[in-house]
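Student: this is the structure alone, sequence omitted:
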Ligand SMILES: O=C(O)CCC(=O)C(=O)O
Ligand SMILES: [Fe+2]
């Protein structure tokens with residue numbers, strides 16, 4: 001691995017109360033497209049469910065939950081049991097671990113068919129996850145904006161997530177900040193995100 005493909009970018013993008021590190025572009029356009037196509041085909045995608053004000057919502061966005069063992073992950077009112085890794089996910093996990101210098105035992109994948117699909121403000125502070133652990137998010141396909149909003153002050157920060165790039169959230173980020181993928185009419189192409197996580 002040369003210095004150009006592994007940029008020294010350990011600068012914190014958040015002003016306070018957490019750490020968000022942009023690790024740059026790990027996969028070139030060809031590699032990203034290859035992984036995107038393989039994952040579209042091989043992953044067991046399903047529409048996500050959540051309960052909002054007592055009402056069950058089925059998202060247009062699809063998700064999938066993979067892990068090193070049959071981890072149960074409860075969020076938005078439902079429990080999902082992890083599917084065993086497939087070869088391509090393990091390869092990407094290894095690459096991400098190299099850049100972040102952290103280890104992951106699970107991955108929540110998201111498939112946004114177009115800019116009309118997003119993810120509402122939330123934080124990933126579920127009790128199933130290691131406290132103040134790392135969540136590493138690899139992006140494939142259309143570029144989308146990742147927004148952060150401080151829970152107390154309301155301070156906002158937004159970052160563009162390029163095709164093949166990796167962003168990492170760690171430290172107290174989930175405790176103090178919400179994040180979202182805002183819907184947008186400007187993007188028509190699909191995007192996959194792989195969010196590598198540390199389950200207890
Ligand atoms: O799609 C993304 O980049 C972020 C997804 C996210 O926040 C999550 O899966 O919890
Ligand atoms: Fe999240």
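Tutor: Everything's here; your move. Not measured: the values here are computed from a predicted model. Ligands and ions are numbered 1, 2, ... in the order given.
Student: I'd say residue 175 and residue 125 touch.
Tutor: Yes: here residue 175 reaches residue 125: they are 6.3 Å apart, a contact under CB atoms under 8 Å. Where C-beta positions appear, they are placed from N, C-alpha and C, glycine not excepted.
Student: so the residue nearest to residue 22 when sequence neighbours are not counted is in which element?
Tutor: Nearest residue to residue 22 in three dimensions, chain neighbours excluded: residue 167, at 5.2 Å (CB to CB, 6 or more residues apart in numbering). For residue 167, the element it lies in under DSSP states H and E is strand 165-170.
Student: where do the helices sit along the chain?
Tutor: With DSSP state H, the ranges of helices along the chain come out as 29-42, 87-100, 173-176.
Student: the strand holding residue 167 pairs with which strands, parallel or anti?
Tutor: strand 19-25 (antiparallel), strand 135-141 (antiparallel) (DSSP bridges).
Student: can it be found next to ligand 1?
Tutor: No: against ligand 1, strand 165-170 shows no contacts by CB under 6 Å from any ligand atom, the least distance being 7.5 Å.
Student: looking at the helices of the chain, which one is packed in the most?
Tutor: helix 173-176 (a mean of 20; mean count of other CB atoms under 10 Å).
Student: do that helix and ligand 1 come into contact?
Tutor: No: Helix 173-176 lies out of reach of ligand 1 by CB under 6 Å from any ligand atom, never closer than 9.7 Å.
Student: ok, now stretch 23-40?
Tutor: No: Stretch 23-40 stays clear of ligand 1 (CB under 6 Å from any ligand atom), getting no nearer than 13.4 Å.
Student: so out of everything in the protein, what residue is nearest ligand 1?
Tutor: residue 193 (3.2 Å; CB to the nearest ligand atom).
Student: ok, now which ones touch that residue?
Tutor: By CB atoms under 8 Å, 6 or more residues apart in numbering, residue 193 lies in contact with 109, 110, 112, 137, 138, 139, 140, 161, 181.
Student: partner residues bridging the residue nearest the centre of the chain?
Tutor: Residue closest to the mean C-alpha point of the chain, counted by CA atoms, centre = their mean, is residue 195 at 3.1 Å. As for beta bridges, residue 195 partners with residue 108, residue 137 under DSSP bridges.
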